[in-house]
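Q: Kindly generate the corresponding structure for this input.
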Amino acid sequence: MVSGNNGFTIENLRSLGVINTIIDVGVAWYTKNLYQSFPDKHIVLVEPLAKMYMEPGSGERIGIKAIMDKYEHVYLSECAAWSKEGFRKISMPSNKGNIGQSSFFEKFEDTLEVETKKLDDILIDLNLENFGPFGIKIDAEGSELEVVKGASNTLLNTEFVIAEVKISDERFPNSYTYEEFSNYLNKYGLYELMDIGSGDGYRDIVYKRKN
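A: Below you'll find the model as predicted:
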């Protein structure tokens, strides 16, 4: 999502605003360029399947353990960011090489019950709710709107959101629309700035605070 390959470099990320905490929702093995852009800041990793992503994957997929070893101020929340607290079953491919496709809105061979928490509450649990401004990246396989709905306090002090936003009704049916997601962020003063990538039924979009 965030890499030099699509023209969005470390310098681009740093230009989005002054932040104290970067929040990565849907870490998988890691997000290229995100942590390197803010190495001395607090880094919050939110990943319900963290145990499956601890060790390196193929190519540049360094794994969560390597992220935590490399950077000083890293915090891991092993849950799914959602609009309310509870437990939900996430659907997962049986082929663990495709584990990144796991979703609450798809039907795969395996399921796992995971804890859900509001992003606001995750930061409170980590004693980081007052360590804004925040920058947020979201890649949650159809749960992007649910993530921001649970971040009403956090969004008030957020400089930018980078999200994989669905644009096709065929992708993650019964989840949300592009308009719903964008309109929700607009309420908090965050507006679409640019695309940094796209794929089958989605766009990677940068939303930035409008001063």
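Q: residues near the residue nearest to residue 20 when sequence neighbours are not counted, how many?
A: In space, and not counting its chain neighbours, residue 20 is closest to residue 131: 5.1 Å by C-beta to C-beta, 6 or more residues apart in numbering. Using the backbone N, CA and C atoms, a C-beta is placed for each residue, glycine as well. Under the neighbour criterion other C-beta atoms under 10 Å, residue 131 is assigned a count of 17.
Q: what sits against residue 131?
A: Contacts for residue 131 (C-beta atoms under 8 Å, 6 or more residues apart in numbering) come out as 20-21, 42, 123.
Q: would you turn those into JSON lines with distance to residue 67?
A: Listed next are the contacts of residue 131 as JSON lines, based on distance: C-beta to C-beta, whole Å:
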{"residue": "20", "distance to residue 67": "18"}
{"residue": "21", "distance to residue 67": "15"}
{"residue": "42", "distance to residue 67": "13"}
{"residue": "123", "distance to residue 67": "18"}
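Q: Scan this structure for its longest helix.
A: Assignment by DSSP state H gives helix 178-186 as the longest helix of the chain.
Q: quick one, helices of this protein?
A: 10-14, 34-37, 64-70, 119-125, 144-149, 152-155, 178-186.
Q: With mean pLDDT added, can I get those helices in CSV?
A: Output for the helices of the chain, formatted as CSV (pLDDT from 0 to 100):
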stretch, mean pLDDT
helix 10-14, 87
helix 34-37, 92
helix 64-70, 93
helix 119-125, 98
helix 144-149, 97
helix 152-155, 98
helix 178-186, 96
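Q: Looking at those helices, spot the one closest to residue 49.
A: Comparison of the helices of the chain against residue 49 by C-beta to C-beta identifies helix 64-70 as nearest, at 9.9 Å.
Q: So what touches the closest one?
A: 27, 29-30, 35, 43, 45, 47, 50, 53-56, 74, 76.
Q: and the two most separated of those?
A: 43 and 55 (18.9 Å).
Q: what about these two, which has more around it?
A: residue 43 (23 against 13).
Q: what's the spacing between the closest residue to the more buried one other than its chain neighbours and residue 118?
A: Distances taken as C-beta to C-beta, 6+ apart place residue 74 nearest to residue 43, at 4.7 Å, with adjacent residues excluded. Taking C-beta to C-beta, to the nearest Å as the measure, residue 74 falls 21 Å from residue 118.
Q: Those two - which one has more neighbours?
A: residue 118 (21 against 16).
Q: For the more buried one, give me its contacts.
A: For residue 118, counting by C-beta under 8 Å, 6+ apart, the contacting residues are 81-85, 150-151.
Q: quick one, what contacts residue 71?
A: Taking C-beta under 8 Å, 6+ apart as the test, what residue 71 contacts is 35, 39, 43.
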